[in-house]
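In: I would like the atomic coordinates for the input below:
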Amino acid sequence: MTKLSVNINKLATLRNSRGGNNPNIIQAAIDCERFGADGITVHPRPDERHIRYADVRELKKVITTEFNIEGNPREQKFIDLVLEVKPTQVTLVPDSLNQVTSDHGWDTLTHHSFLCEVIEMFQSNGIRTSIFVDPDLKHIHGAKKTGTDRIELYTENYASHYHSGKEVAIAPYVSAAQKAAELGLGINAGHDLSLDNLSFFSKQIPQLLEVSIGHALICDAIYLGLENTIQLYKRKLVYHA
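Out: Numbering: from 1, shown residues only. Modelled structure (predicted):
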C-alpha cells in the first residue's frame, strides 16, 4: 500500500493561535498513528509559526511509525535539527524565509552541487532523503544525479486543475513518475491532495510509496473526526505492485 504520512502543522497553528498546549501536538501525533497513519510529517520554519523546533525533538521520542521532517536545508538551524533528531526521512524543500506554503520544487540542475552536499551529509547519518520537485523530466534526471533516495512530486498544479480536466492534469505526473521509477528513485507526493483527488492520483502514479497530507486532511477532520478522516484517506490509496 502507498503510505499515508499525516502532516500535523495545522494542528500546531491552532495551538499557537491561543498559546498553551491545546491541541496537544505530541498526543495528536500518537493518536494519528493509533488511527492508522503510516507516518507523521512536520515542516518547521524559522519563525516557528506552527511546528516548533522543541516539538520536533519531543515528537521523535514518541513516534513509532515513520518520521518525516520537511524544510529548507539552506537554514543551518534546520540542518542541525535534522542531524540531532535523525528522522526516518528528510524532505528538502526550497522555501523562502517568509513563504506561506511551499509553491515550487527544486531546480535540481542549478542547485546540483548544493543538493549533493546536503544529501550526502544526511545519508551518512542514516537519514533517507527526498527532494521536492515539479513534474519536469529534466529535474527528475537532475534529482537522480544528486544521489537522493526519493523525490516528492509537488502536486499543487494537479490539484488545481483536477476538476477542469483530471486526465490532462495528471499527465505530467505520470511521465515524471515513470521516469523516476526507471531511474531507480523512490516516489513520494504531496501538496493539496484531498479526498476528492487522491484516489485518481494514486491509481495513475506507478510505484507511489508515500503521500504527505496535512491541510486538507485536518480541514476534513473538523467535520468528519480525525480517526474517521485518516481511515477515509487510507481507503483512497491503492496497492502498487
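
In: could you pull out the strands for this protein?
Out: Assigned by DSSP state E, the chain shows strands spanning 3-7, 39-42, 66-71, 89-92, 128-133, 150-154, 186-190, 208-213.

In: Name every strand pairing with the first one and say which way it goes.
Out: Think strand 3-7. Sheet pairing here is set by DSSP bridges, and for strand 3-7 it gives strand 39-42 (parallel), strand 208-213 (parallel).

In: ditto for the third one
Out: Strand 66-71 sits in its sheet next to strand 39-42 (parallel), strand 89-92 (parallel), going by DSSP bridges.

In: Report the buried residues of the first one.
Out: Residues of strand 39-42 classed as buried: 39-42 (neighbour count, 16 or more other Cβ atoms under 10 Å). Where you see a C-beta, it was placed from the backbone N, CA and C, and this is true even at glycine.

In: Please apply the same query to stretch 111-124.
Out: 111, 115, 118-119, 121-122.

In: want to throw the residues you listed into TSV with pLDDT and distance to residue 133?
Out: Below are those laid out as TSV (pLDDT from 0 to 100; distance: Cβ to Cβ, whole Å):
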residue	pLDDT	distance to residue 133
111	96	11
115	97	11
118	98	15
119	98	13
121	98	19
122	98	17
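
In: Relative to residue 163, which of these is nearest.
Out: residue 111 (33.4 Å; Cβ to Cβ).

In: Enumerate every residue touching the closest one.
Out: Shown in contact with residue 111 (Cβ atoms under 8 Å, 6 or more residues apart in numbering): residue 94.

In: got any ranges where this protein has weak pLDDT?
Out: Low-confidence segments of the chain, defined by pLDDT under 70: 96-103, 239-241.

In: Geometric centre of it: which residue is closest?
Out: The chain has residue 212 as the residue nearest its centroid, 4.1 Å off, counting by Cα atoms, centre = their mean.

In: Is that residue bridged to anything, and to what?
Out: Residue 212 has these beta-bridge partners by DSSP bridges: residue 5, residue 190.
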